[in-house]
Each structure stands twice: as structure tokens, then as C-alpha cells.
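S.K.: Here is a sequence together with a model predicted from it:
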Amino acid sequence: VQLEESGGGLVQPGGSLRLSCRVSRVPFSRYKMSWYRQDPGKERELVATITLPGPATSYAESVKGRFTISRDGTKSELYLQMNRLQPEDTAVYYCQATDRFTRREFWGQGTQVTVSL
């Protein structure tokens, strides 16, 4: 499984970013997909998860109403739309896939999101 994130960058408070994660070499529908984030000196935090069927989504309390997770099965891509970004959202964001049958986990390399004036 290969996971490749993109879309990070520098944005001002109140701005928006859209992260993407391309999943390759596996059937996309086999995996529960999540976004995590980690700031230096802090533990890795689960931001959002999307599962099939449904799809069903869940979010950390800190991002509810601001972030939206989605997936496109035709492109094997995962997205995280982030609106009303705040400095506390600054972190490296990671795409994660969990095999629904074996429970094996796979991680992307991460993409930096910095929210600052």
C-alpha cells in the first residue's frame, strides 16, 4: 500500500486548505481511511475517519463543523477539507489506512500545515 499526501502549506487564521491522499496498489474500498495530525512535542491525534458502507464519518471535537473528510473511490483518493483554520491546527497531517479484514495499518509520509499570520 502506498499513501501519498499533498495540499499542505501556510495559511492565515480563518483560511482554508484541502488535503489529498492518493492510495495506490490496493483496492481502495478495502480500507478504513483516517487523517491524523501531530505537532512536535505532542501525541499524534486522530482528526477524522471515514468508513464504508455509508460512508460513515467521525471527527475529533476540536475540528467538528470546520473539517470535512471525504473519499473518491473512482480516484482512490481521500480528502480533508479544512475551513476556519486556527493556529492550533498547525501540525503535520498524516493519511492512514486500516485494512478492514486484517487490521493492518499503513501511513503516509505526512504534509505540513501551518496556520499563522
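M.R.: Now that the structure is in, tell me what you want to look at.

S.K.: going forward, measure contacts between C-alpha atoms and count neighbours the same way
M.R.: OK.

S.K.: For the most centrally placed residue in the chain, name its beta-bridge partners.
M.R.: Closest residue to the average C-alpha location of the chain: W35 at 2.7 Å, with CA atoms, centre = their mean. W35 forms beta bridges with A48, C95, as assigned by DSSP bridges.

S.K.: Also V115?
M.R.: Bridge pairing for V115 - DSSP bridges - gives V11.

S.K.: Compute the number of surrounding residues for K42.
M.R.: 9 (other CA atoms under 10 Å).

S.K.: for V26, same thing?
M.R.: Neighbours of V26 under the rule other CA under 10 Å: 11.

S.K.: Check L3 too.
M.R.: Neighbour count of L3, defined by other CA under 10 Å: 21.

S.K.: so it makes contact with S20?
M.R.: No: using CA atoms under 8 Å, L3 makes no contact with S20, being 9.9 Å away.

S.K.: contacting residues around the residue nearest to the centre of the chain?
M.R.: Listed by CA atoms under 8 Å, 6 or more residues apart in numbering, the contact set of W35 reads 46-49, 80, 93-96.

S.K.: One more: Q12?
M.R.: Applying CA under 8 Å, 6+ apart, the residues near Q12 are 85-86, 115-117.

S.K.: ok, back up a step: what score does the residue nearest to the centre of the chain have for pLDDT?
M.R.: Model confidence at W35, given as pLDDT, is 98.

S.K.: ditto for Q109
M.R.: At Q109, pLDDT is 96.
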